[in-house]
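**Student:** I would like the atomic coordinates for the input below:
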Amino acid sequence: MKNNVRRLAYIILAGLAALCVYLGLIPFYVEHVAGNGKGPLDPRLYARERMIERGDILARDGQPLAFSEQENTLQYVRKYPLGSAAAHITGYYSSRYGSAGLEKSQARVLLGLDGGNPLTGLLDRVLNRPGTGNDVILTIDADLQRYAYQALGGRTGAVVVLNPASGAVLAMAASPSYEPGDVGKYIDQPGSPMLNRAVQGAYPPGSVFKIVTAAGVLNSQPEILEQKINCTGSLEVQGFVLQDNAAHGEVDFHQAFAQSCNVAFGSYGLAQGAQEFYRQALDFGLTKEFDFPLPVYRGHIARPEEMTGPELASSAIGQGQLLLSPLQAALLACAVANDGVIMKPYLVSGYKTAAGGTRHFQPRSWLQPMDPAVAALIKQEMVDVVRNGTGKSAALPGVTVAGKTGTAENPHGKAHAWFVGFAPAEAPQVAVAVLLENAGAGSGSAAPLARDVLRRALDLGGGA
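**Tutor:** Below is the predicted model of the structure:
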């Protein structure tokens, strides 16, 4: 009798051990089925996944950006109501091409493996019955997302809209884009429609980077406000000539910022020195990693030991070896808008289970590249850029807009157009970055687009 009991106990323990191994392999299973967009999923794993009613991807107001629709008794297919307007956020889920975007990074939640009742998921798998995943709730405003994508009008570029007080991503549009329900048409197509330029694009920032240079020189040499620089239209540094867009004459810091004077800002970079300039750039988040549910380009800047005089002067006006993404550019504006503090940007605000349970994430501060007094000074300069300087086309009736234009020289063609800014300047609710490839001056194309997006964002309630 005792032997029988012992054998039964061993059988139960073996079963439990096998179950533990099975559960332990689930994360590897999910990583495998997520794929990399270059090859098909294992058909057996995909068949099992299609029995799960994958959770929805929801905008902040509950509008679905991705949901599962039952195809037959046991099979579900994914639908994407915003289509190409939100494709770079939702990504895609395909038996042939794997998955990308939030469909990949949030797969564990969407399949019910994270964020819900583990016992329910376990029973579904053991009994081989259809399961129900959990919903992923985003910070995205669906109407603003659609508007930002349409505002690009087919032009190659990106728009990023953030709440500077929380770091919430309100919209993140990139063009060209693709239809996530028919991804096979876009694989390896010219123009890279599957590249999320908003977070993965690598661009010289041009004059929008003068925000960083200004913060650096005001942090380390506040007396610069009392000094004037004679701009003759060019600055010679060790035999290299840095060209300006005009000969501005005698300019102080205020005039230099409003007129985007390259000679003055090249001089400000040289005054800081390579080490201090590099440190200030990193304080703004350049090259730094942070948790984000989509792949993010971290930016590039020459290291201090590589930064010659010409490289330092060029970097100070946003050229040289500098590269950053539109998301990073938006964070420059957020730092000024939020009294010198950059909140950690986030896209997923929480989860919701099929049983009605919820989990929410709280905003977190990330970096403080300048103190409030310096941020206040730069904010006033950015307001003047829109009132009287290069950013006039970003102005809104009845709303004080703060901004900075950029025209970034591009060795591969026409200059890229930039604008970063926020509104209302007195109590910022939304910050925006606009990048248009090969569109020329930021004042002529990026600033008006940013104006329209800011107006729409405020009409929709801002970042509230």
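
**Student:** and the helix or strand hosting E103, what does it pack onto?
**Tutor:** Here E103, judged by DSSP states H and E, is contained in helix 102-105. Other elements packing on helix 102-105 under the criterion 3 or more CB pairs under 8 Å, 6 or more residues apart in numbering; DSSP states H and E are helix 87-90. In short, each C-beta sits where N, CA and C put it, glycine included.

**Student:** Moving C-terminal from the helix holding E103, which element do we reach first?
**Tutor:** Once the chain leaves helix 102-105, the next helix or strand it forms, by DSSP H and E, is helix 107-110.

**Student:** need the strands for the stretch 151-300 of the chain, in chain order.
**Tutor:** 157-162, 169-175, 229-231, 234-237, 240-243, 249-251 (DSSP state E, counting those that start in this stretch).

**Student:** Any idea how many residues pack against Q321?
**Tutor:** The local packing of Q321 (other CB atoms under 10 Å) involves 14 other residues.

**Student:** need the longest strand for this structure.
**Tutor:** With DSSP state E setting the assignment, residue counts place strand 413-423 as the longest strand in the chain.

**Student:** Now that one: buried residues?
**Tutor:** Neighbour counts using 16 or more other CB atoms under 10 Å place A415, H416, A417, W418, F419, V420, G421, F422, A423 of strand 413-423 among the buried residues.

**Student:** what's the closest of those to S99?
**Tutor:** H416 (30.8 Å; CB to CB).

**Student:** Give me the nearest residue to that closest one, chain neighbours excluded.
**Tutor:** A408 (4.4 Å; CB to CB, 6 or more residues apart in numbering).

**Student:** Would you list the phi and psi of that neighbour?
**Tutor:** Main-chain torsions, A408, degrees, to the nearest 10: phi -100, psi 120.

**Student:** thought it was touching F419?
**Tutor:** No. Using CB atoms under 8 Å as the test, A408 is too far from F419 to be in contact (11.6 Å).

**Student:** Quick check, pLDDT for K2.
**Tutor:** For K2, the pLDDT comes out at 60.

**Student:** Make residue 1 into 623 and carry on from there
**Tutor:** With the count now opening at 623, the last piece we talked about shows up as K624.

**Student:** Nearest to the spatial middle of the protein, which residue is it?
**Tutor:** Taking CA atoms, centre = their mean, the centroid of the chain lies closest to L949, which sits 3.7 Å from it.

**Student:** ok, and the closest non-adjacent residue to A924?
**Tutor:** Spatially, and ignoring its direct neighbours in sequence, A924 is nearest to Q943 (4.4 Å; CB to CB, 6+ apart).

**Student:** residues in contact with the closest residue to D874 other than its chain neighbours?
**Tutor:** Nearest non-adjacent residue to D874, counting by CB to CB, 6+ apart: K850, 5.1 Å away. Listed by CB atoms under 8 Å, 6 or more residues apart in numbering, the contact set of K850 reads E872, V873, D874.

**Student:** and with 10 Å instead?
**Tutor:** Residues counted as contacts of K850 (CB atoms under 10 Å, 6 or more residues apart in numbering) are G871, E872, V873, D874, F875, Q877, A878, A886.

**Student:** Surely the first one is in contact with T854?
**Tutor:** Yes. Counting by CB atoms under 10 Å, G871 sits close enough to T854 to count as a contact (8.3 Å).

**Student:** Any chance of JSON lines for the strands of the stretch 773-922 of the chain, columns distance to A896 and mean pLDDT?
**Tutor:** Below are the strands of the stretch 773-922 of the chain laid out as JSON lines (distance: least, CB to CB, whole Å; pLDDT from 0 to 100):
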{"stretch": "strand 779-784", "distance to A896": "29", "mean pLDDT": "98"}
{"stretch": "strand 791-797", "distance to A896": "33", "mean pLDDT": "98"}
{"stretch": "strand 851-853", "distance to A896": "20", "mean pLDDT": "96"}
{"stretch": "strand 856-859", "distance to A896": "12", "mean pLDDT": "95"}
{"stretch": "strand 862-865", "distance to A896": "15", "mean pLDDT": "95"}
{"stretch": "strand 871-873", "distance to A896": "24", "mean pLDDT": "95"}
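
**Student:** Nearest approach to P1070 belongs to which of those strands?
**Tutor:** Once the strands of the stretch 773-922 of the chain are compared by CB to CB, strand 779-784 is nearest, at 12.4 Å.

**Student:** so who does A886 touch?
**Tutor:** Contact partners of A886, counting by CB under 10 Å, 6+ apart, are 832, 835, 839, 846, 849-853, 857, 866, 870, 873-875, 877-879, 938-939.

**Student:** Quick one, grab the pLDDT at T754.
**Tutor:** For T754, the pLDDT comes out at 80.

**Student:** Is it bridged to anything, and to what?
**Tutor:** Beta-bridge partners for T754, by DSSP bridges, are E675.

**Student:** joint contacts of A1030 and F1041?
**Tutor:** In the contact map built from CB under 10 Å, 6+ apart, the residues linked to both A1030 and F1041 are V830, L1057, G1064.

**Student:** Tell me the one of the residues you listed nearest L735?
**Tutor:** Out of the shared contacts of A1030 and F1041, the member with the shortest distance to L735 (by CB to CB) is L1057, at 36.4 Å.

**Student:** show me the contacts for that closest one.
**Tutor:** 778-782, 796, 819-820, 823, 825, 827-828, 830, 946-948, 951-952, 1028, 1030, 1038-1042, 1064, 1068, 1071.

**Student:** Tell me, how many residues neighbour the nearest residue to G823 once chain neighbours are set aside?
**Tutor:** Spatial nearest neighbour of G823, chain neighbours left out: S947 (5.3 Å); criterion: CB to CB, 6+ apart. Residues near S947, counting by other CB under 10 Å, number 25.

**Student:** Would you check that S947 makes contact with L954?
**Tutor:** No. Applying CB under 10 Å as the test, S947 and L954 come out as separate, 11.4 Å apart.

**Student:** Please enumerate the shared neighbours of the two.
**Tutor:** Counting by CB under 10 Å, 6+ apart, the residues touching both S947 and L954 are P827, A1055.

**Student:** worst-scoring helix or strand of the chain, pLDDT-wise?
**Tutor:** helix 740-748 (a mean of 51; mean pLDDT, DSSP states H and E).

**Student:** Cool, thanks, talk later.
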